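Peer 1: Next input, structure requested:
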Amino acid sequence: MKIKFTFLLISVVILSLGNAVYSQDKIVEGATEFLIERANDNFIYIFEQKIKDNQILKIYLPRTYSVISSASIQTLLTNGRVWRESVTTDIDTLYSQVWVSLGQGVSIFPENMLDALEQYLPSLQEAKLEYQGNMYSLHFINPDDPEEVRTIINKITFTYYRILELLPKIKNELSINTGTLIESLTILQSNKTKLPVLANIDTVLGLIKNYYDLLNAKNYSIAGRESLLLQVEEIRSFLYDATDVITSAQILADTSYSFSYRIINAFIIVDYLIKRSVELTGESFISPDHYDNYFDKFKQYSLFFAQLSDAGSVEQVKNILKAATVPSVSFGLKRNESELHFAISSYLGLSLGIETINGFKQGSFFGGLSTPIGLEFSYGLSNKNSLGVLFSILDFGPPINSKLYNSDIKYQLQDLIQPGIYLSYGIKDLPLAISLGYYNGKGYKINSLKVNHFSISFAFDMPLFFIL
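Peer 2: Coordinates of the predicted model:
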């Protein structure tokens, strides 16, 4: 990096002496590509930092999170096996967490059918069915009662008893009753395709709907209906959650599709586990107000990891990352409190401002990418931000704009000489800066090489090398 820019500065000196012996347009093109790559490096660095701040990722994809936390994305690209192993491990762990959480969640079910009957029968004895102006007992069937009444009572009683019959089966399938947690997970994993729990849950859901319909029918009414419902309301809400998450878990465990497909199925599981985290652990690590934002980012990052795992060629990886370059983190030295640095620096970002020759009254607004390069003095502030003053020599904004818009314009070094001065404010923990500046050079709208520009910029902070 030092050699590249030393060579560039030497070329400027050679040009000024009228002895340009190198192809200037190639120098400009090479330096332009380098600056674009450096900006992409900073983008990747920001992406990495955001990943490390995502608590959902840290908790529910722990192996993958540890991989990205221990090294840079660029370093890990040389070994796709790392991504595949970490994502596979996390997916298998997610599957196991579903069964563990559901096992804990079935505590709302009756411990056994007799306990439930002991609660149900007294309510049944007190409840009365009102049908066509007459009252009938629900706790036994009188052969002399009308056939319609006997049919209603039979349906109510049979439906509830059938629910009670299935609940212990569901609980046994979901509960973990033997050995250590690791041993239990191993058992669950080995039997993951054989669990009949989903069919039983769907059956109970249908029975519960039928039970509610019977108790709320319009052609008759039941006194004491609330007592008859007992714990069914709680059971129903649990089963609705369980149906979706078990379906997703079985797809996650059984499918041989791509990692990306499996991760998409994992989103349902993670959402379920997070929303039950308070119930299961007594702790909530995400505020409900911030949940949607955190979860959207989690989906973005986890899908990114899955796509890396699926990548089968260098070109696919490049398409995912947009650039395979080593992240530049040297901006962090400028943020160190009370440290003074003298460096060759550049900034690449969006500039907006006014350009003029004869004062502000005759000025024109302009906007575009700018990349001033020059000598910079910077000082680290106590809040981990920084202040800097850049004395620019060149601005690679014109060729970078041309490069990004696939223009064939060729630039010479003299086209890029735009002396200026910028006051920049570096942002804590990020390679970003806000700057106010002035430079004299080629106009955007004014056709002159000696136009005054006054601008405000939001840009990547890209130190190239430190002098001291």
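
Peer 1: From here on, just use CA atoms for contacts and neighbour counts.
Peer 2: Noted.

Peer 1: tell me which element residue 448 is part of?
Peer 2: Secondary structure from DSSP states H and E places residue 448 outside every helix and strand.

Peer 1: Also the one 4 residues further on?
Peer 2: Residue 452 belongs to strand 451-466 when elements are defined using DSSP H and E.

Peer 1: What mean pLDDT does that strand get?
Peer 2: Mean per-residue pLDDT for strand 451-466: 85.

Peer 1: swap in stretch 234-252?
Peer 2: 80.

Peer 1: mind showing which ranges of this protein have poor pLDDT?
Peer 2: 1-47, 71-80, 104-105, 175-195, 277-285, 312-330, 359-361, 401-414, 465 (pLDDT under 70).

Peer 1: Break it into its domains for me.
Peer 2: Annotated domains of the chain cover 2-45+329-466, 78-323 [automatic domain parsing].

Peer 1: for those domains, which one sits closest to residue 59?
Peer 2: domain 78-323 (9.8 Å; Cα to Cα).

Peer 1: all strands in this protein, in order from the N-terminus.
Peer 2: Using DSSP state E, the strands assigned to the chain run over residues 128-131, 134-137, 221-223, 340-356, 364-370, 372-380, 386-395, 417-426, 432-441, 451-466.

Peer 1: Now tabulate those in JSON lines and tack on mean neighbour count and distance to residue 170.
Peer 2: Output for the strands of the chain, formatted as JSON lines (neighbours: other Cα atoms under 10 Å; distance: least, Cα to Cα, whole Å):
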{"stretch": "strand 128-131", "mean neighbour count": "18", "distance to residue 170": "31"}
{"stretch": "strand 134-137", "mean neighbour count": "15", "distance to residue 170": "32"}
{"stretch": "strand 221-223", "mean neighbour count": "17", "distance to residue 170": "30"}
{"stretch": "strand 340-356", "mean neighbour count": "21", "distance to residue 170": "59"}
{"stretch": "strand 364-370", "mean neighbour count": "17", "distance to residue 170": "62"}
{"stretch": "strand 372-380", "mean neighbour count": "22", "distance to residue 170": "61"}
{"stretch": "strand 386-395", "mean neighbour count": "22", "distance to residue 170": "60"}
{"stretch": "strand 417-426", "mean neighbour count": "22", "distance to residue 170": "58"}
{"stretch": "strand 432-441", "mean neighbour count": "21", "distance to residue 170": "55"}
{"stretch": "strand 451-466", "mean neighbour count": "22", "distance to residue 170": "56"}
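
Peer 1: Those: which one's closest to residue 81?
Peer 2: Nearest of these (Cα to Cα): strand 451-466, 32.2 Å.

Peer 1: Could you name the helices and strands sitting against the closest one?
Peer 2: Packing partners of strand 451-466 (3 or more Cα pairs under 8 Å, 6 or more residues apart in numbering; DSSP states H and E): helix 24-52, helix 331-334, strand 340-356, strand 432-441.

Peer 1: Now do it: distance to the chain's middle.
Peer 2: In terms of Cα atoms, centre = their mean, to the nearest Å, the centre of strand 451-466 is found 31 Å from the chain centre.

Peer 1: Can you pull out the residues in contact with that strand?
Peer 2: With contacts defined as Cα atoms under 8 Å, 6 or more residues apart in numbering, strand 451-466 is touched by 1-2, 38-39, 42, 328, 330-331, 341-357, 426, 431-443.

Peer 1: residue ranges for the helices of the stretch 1-150 of the chain, please.
Peer 2: 2-16, 24-52, 55-60, 62-70, 73-76, 80-105, 113-126, 147-174 (DSSP state H, counting those that start in this stretch).
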